[in-house]
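Participant: What follows is a protein structure lacking sequence information:
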């Protein structure tokens, strides 16, 4: 290839630095010089793509380490709070640019009345979520519930459904923030869309559960909730039917409700099942929030 | 080593591309459900990478949370030409984790300001990836073809966050040797994966 000099580097220099560059092992100014060269250079520098293409494969070599179950809920809650923040800045921008244009976010705001009163003036909520602290973050619970409700219920859902679901999520998150309580993130365990939800397992043996994206039940069918503690047989704690909204909430008490227990959901032909019918629709472990 | 194709723009993977693009569109529109699905798919792998780099769970949690929030905020900037959502997301995790460990070193320069998106793979369309079709076992077998010092140099850079100069100091060999080990190691990795038939299908 012809030799060019861009960013203070010859083509041969760039080739020499290619492996270090794609592995991120250059000093910041060296990496910037390589980028400058590549952006300007008419040569294709195929070595960059050749070496760079194998780098993502290194991710596959990492030993799996399970994240804490509570991390997912924290991320979703932080993102939910961030939605509010992004909405604020977006609105500010749009107001400057085109004050008369109706904003898409208005509809959403109308739909979630609680968001208005609970928003701190001009503030950001994200700092609240930097640490795994649910206790005392009632505002966060409401915000998370609002946004999760919006996300899952879909824009065509009735406001009443949304409000009920939001209140149920808020109740679960509030319970989970009590002393000695645990939060459960219930997931389907697979890729793609599927049912999910939250449960709170209280120190007082209470279990409060809220679910979204469940297939509606028909006839005598019920979703049965189970508590699974180690190798002991699953303990049924009650069932509920699900309507067209796909959402449901459920509260009960059980002697088996304690930190570490797994909460699981199955679909049963009728109430009163004593052993779970596979598959498990969603499940998660109760992890202490304190 | 210049088999045609590997260095060029990836051929179509219609199913993956379509699913990824839809995921990112939903994410960009503020659909929290798509963020949850993204976490269900890649959260564990993200945490594993963050833990591998930072070495402690609290930092790894922070990194993963920041990375997913970064993806949430910047979904609209994702371009499918840059590769799969998986690589895009894991690159954000990698970038933030490296930042975190470099921040701990008092003498280290920080490459970019907070909020900047990761740049390791941000280059024109010539960039491609073959990793999307890889499984763990293939990569492990391929990595076994590297010499111990090649692998060490690559891992100190990619998972240790060390610069080539720091690796030379750490391992007590000349800088040119470090560069050579990384280059030959990546070449070997690529050759091994090609030999095992890893290619865009």
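Facilitator: That came through, no problem. If you're wondering where the values come from, they're calculated on a predicted model, not measured in any experiment.

Participant: Can you list phi and psi of the residue nearest the centre of chain B for me?
Facilitator: The centroid of chain B falls nearest to residue B:91 when counting by Cα atoms, centre = their mean (4.1 Å). Main-chain torsions, residue B:91, degrees, to the nearest 10: phi -70, psi -40.

Participant: ok, it touching residue A:56?
Facilitator: Yes: counting by Cβ atoms under 8 Å, residue A:56 is a contact partner of residue B:91 at 7.3 Å. C-betas here are computed from N, CA, C, even on glycine.

Participant: and the residue nearest to the centre of chain B, what pLDDT?
Facilitator: Predicted confidence (pLDDT) for residue B:91: 88.

Participant: and the gap between it and residue B:85?
Facilitator: Distance from residue B:91 to residue B:85, counting by Cβ to Cβ, to the nearest Å: 11 Å.

Participant: Stretch B:18-27 vs chain A: in contact?
Facilitator: No: using Cβ under 8 Å from any Cβ of the partner chain, stretch B:18-27 never reaches chain A; the gap is at least 8.6 Å.

Participant: Identify the residues contacting that stretch?
Facilitator: Residues external to stretch B:18-27 that are found in contact with it (Cβ atoms under 8 Å, 6 or more residues apart in numbering or on different chains): B:33-35, B:37-38, B:71-72, B:75, B:78, B:80, B:84-86.

Participant: Show me how far it is from its chain's centre.
Facilitator: When distances are taken as Cα atoms, centre = their mean, to the nearest Å, stretch B:18-27 is centred 20 Å away from the chain's centroid.

Participant: Can you point out the buried residues in that stretch?
Facilitator: Within stretch B:18-27, the residues scored as buried using 16 or more other Cβ atoms under 10 Å in any protein chain shown are B:20, B:23, B:24, B:26, B:27.

Participant: any chance you could read off phi and psi for the first one?
Facilitator: The phi/psi pair for residue B:20 (degrees, to the nearest 10) reads phi -60, psi -40.

Participant: now the end-to-end length of stretch B:139-155.
Facilitator: 14 Å (Cα to Cα, to the nearest Å).

Participant: list the buried ones in that stretch?
Facilitator: Buried residues in stretch B:139-155 (16+ other Cβ under 10 Å): B:139, B:142, B:143, B:145, B:146, B:149, B:150, B:151, B:152, B:153, B:154, B:155.

Participant: and if you look at stretch A:165-174?
Facilitator: With burial defined by 16+ other Cβ under 10 Å, the residues of stretch A:165-174 counted as buried are A:165, A:166, A:167, A:168, A:169, A:170, A:171, A:172, A:173, A:174.

Participant: Could you single out the nearest of these to residue B:168?
Facilitator: For those, the residue nearest residue B:168 by Cβ to Cβ is residue A:173; the value is 51.1 Å.

Participant: Following the chain past the helix or strand hosting the closest one, name the next helix or strand.
Facilitator: In this assignment (DSSP states H and E), residue A:173 forms part of helix A:159-176. Remark: after helix A:159-176, the chain's next helix or strand is strand A:182-186, criterion DSSP H and E.

Participant: That following strand to helix A:159-176, inter-axis angle?
Facilitator: Here strand A:182-186 runs at an angle of 140 degrees relative to helix A:159-176 (axes from the mean of the first three to the mean of the last three Cα atoms, to 10 degrees).

Participant: which residues are in contact with strand A:182-186?
Facilitator: A:69-70, A:72-73, A:134, A:173, A:176, A:195-201, A:209, A:211, A:259-260, A:263, A:265, A:282-289.

Participant: Report the strands that pair with that strand, each with its relative direction.
Facilitator: Using DSSP bridges, strand A:182-186 pairs in its sheet with strand A:196-201 (antiparallel), strand A:287-288 (antiparallel).

Participant: quick one, which of these is packed in tightest?
Facilitator: Burial of those is given as mean neighbour count (mean count of other Cβ atoms under 10 Å in any protein chain shown); strand A:196-201 ranks first at a mean of 28.

Participant: in its sheet, what does whichever helix or strand comes after it sit against?
Facilitator: Going down the chain from strand A:196-201, the next helix or strand is strand A:206-212, by DSSP H and E. Using DSSP bridges, strand A:206-212 pairs in its sheet with strand A:196-201 (antiparallel), strand A:248-253 (antiparallel).

Participant: And the contacts of strand A:206-212?
Facilitator: Contacts with strand A:206-212, where a contact means Cβ under 8 Å, 6+ apart, come from A:148, A:152-153, A:165, A:168-169, A:171-172, A:175, A:186, A:195-202, A:223, A:225, A:227, A:237, A:242, A:246-254, A:257, A:263, A:265, A:282.

Participant: With adjacent residues omitted, what lies nearest to residue A:244?
Facilitator: residue A:216 (5.5 Å; Cβ to Cβ, 6 or more residues apart in numbering or on different chains).

Participant: shaky segments in the stretch 1-150 of chain A?
Facilitator: Judged by pLDDT under 70, the stretch 1-150 of chain A has its weakly predicted residues at A:1, A:82-150.

Participant: Check which helices and strands the helix holding residue A:173 sits against.
Facilitator: helix A:138-153, strand A:182-186, strand A:196-201, strand A:206-212, strand A:248-253 (3 or more Cβ pairs under 8 Å, 6 or more residues apart in numbering or on different chains; DSSP states H and E).

Participant: and residue A:277, what is it in contact with?
Facilitator: Taking Cβ under 8 Å, 6+ apart, one finds A:266, A:267, A:268, A:269 in contact with residue A:277.

Participant: Point me to the helix or strand that includes residue B:152.
Facilitator: Applying DSSP H and E as the criterion places residue B:152 in helix B:148-158.

Participant: Helix or strand next in line after that helix, which one?
Facilitator: Following helix B:148-158 in sequence order, the next helix or strand is helix B:164-171 (DSSP H and E).

Participant: and the strands paired with strand A:206-212 as TSV, adding mean pLDDT?
Facilitator: Putting the strands paired with strand A:206-212 into TSV (pLDDT from 0 to 100) gives the following:
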stretch	mean pLDDT
strand A:196-201	86
strand A:248-253	88
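
Participant: could you pull out the helices for chain A?
Facilitator: Taking DSSP state H, the helices of chain A run over residues A:11-22, A:28-40, A:46-52, A:70-97, A:104-111, A:113-118, A:138-153, A:159-176.

Participant: Run a quick neighbour tally on residue A:52.
Facilitator: The number of residues packed near residue A:52 is 23, by other Cβ atoms under 10 Å in any protein chain shown.

Participant: That's all I had, so thanks and see you.
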